[in-house]
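J.: what's the 3D shape of this:
(4 chains)
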Protein chains: 2
Amino acid sequence: MDAGENPLPDSINPNNFPAKLWRLVNSPANEAICWDSLGEVIVIDQQRFERQVLSPGSMSPNSPDAFKTTNFSSFVRQLNLYGTSCEYLGCNFPDGR
Amino acid sequence: MDAGENPLPDSINPNNFPAKLWRLVNSPANEAICWDSLGEVIVIDQQRFERQVLSPGSMSPNSPDAFKTTNFSSFVRQLNLYGTSCEYLGCNFPDGR
DNA sequence: GGTTCTAGAACC
DNA sequence: GGTTCTAGAACC
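T.: Predicted coordinates for the structure are as follows:
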């Protein structure tokens, strides 16, 4: 599903963390973060996420989906603040295997 | 100075975290982590450190200097456990500038 | 409202 | 003895 199919209620500020996260997780274009098969927890590929989402210049400038931090640990702090469970999809090989 | 010039006392287990950290910080071969100019805090380049020290295969296999984790956040947890102050030397550009 | 650094706690 | 996940606290 794309963002158009699961709009957020007007009471949610689209510029805040939960809304950005929601759009990103539901975006099929994004390969770095997604729902698990049961739709209960978020699965993150840290390497990809840092490269494709957090890294400055990785998203189009002034994108409403860009997070304010570039640090993965700060992003995780936000996840925890909002009580979001996630799994880490890691690749353990430097060459990306 | 190299490791030969500042040996650790025999009472320090060379396989434990503080000893590994000590050797690494004092090693001129290592570019990812070093002392600041006053020799008071450790300066870490996170990107380099992940690539050149934590990443599996980045150090010679079974190196006594290899840490047990591959996660930067776990490494930072160890720093904090031992009360080690550090500064983060970040590069903010995806291409390494 | 978000970011950063550090620490608690449970687990291995 | 180390690792991981989460939370406290101070700061911006």
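
J.: tell me what the residue lying closest to A:C86 once chain neighbours are set aside is bridged to.
T.: In space, and not counting its chain neighbours, A:C86 is closest to A:I42: 4.2 Å by C-beta to C-beta, 6 or more residues apart in numbering or on different chains. (Each C-beta comes from the backbone N, C-alpha and C, glycine too.) Beta-bridge pairing of A:I42, defined through DSSP bridges, involves A:W35, A:C86.

J.: who touches A:I42 in this structure?
T.: Listed by C-beta atoms under 8 Å, 6 or more residues apart in numbering or on different chains, the contact set of A:I42 reads A:21, A:25, A:33-36, A:79, A:84-87.

J.: one more pass at 7 Å, please.
T.: Listed by C-beta atoms under 7 Å, 6 or more residues apart in numbering or on different chains, the contact partners of A:I42 are A:25, A:33, A:35, A:84, A:86.

J.: what subset of the residues you listed is buried?
T.: Buried by 16 or more other C-beta atoms under 10 Å in any protein chain shown: A:25, A:33, out of those.

J.: quick one: which of the contacts of A:I42 is nearest chain B?
T.: When those are compared for distance to chain B (C-beta to the nearest C-beta), A:C86 comes out closest, at 13.5 Å.

J.: so that closest one touches A:Q46, yeah?
T.: No - A:C86 lies out of contact with A:Q46 (C-beta atoms under 7 Å); the separation is 10.2 Å.

J.: need the pLDDT of the closest residue to DNA strand C within chain A.
T.: Minimum separation of chain A from DNA strand C (C-beta to the nearest atom of the strand) falls at A:K68, amounting to 2.3 Å. With respect to pLDDT, A:K68 scores 93.

J.: before I go, just wanted to say thanks for your time.
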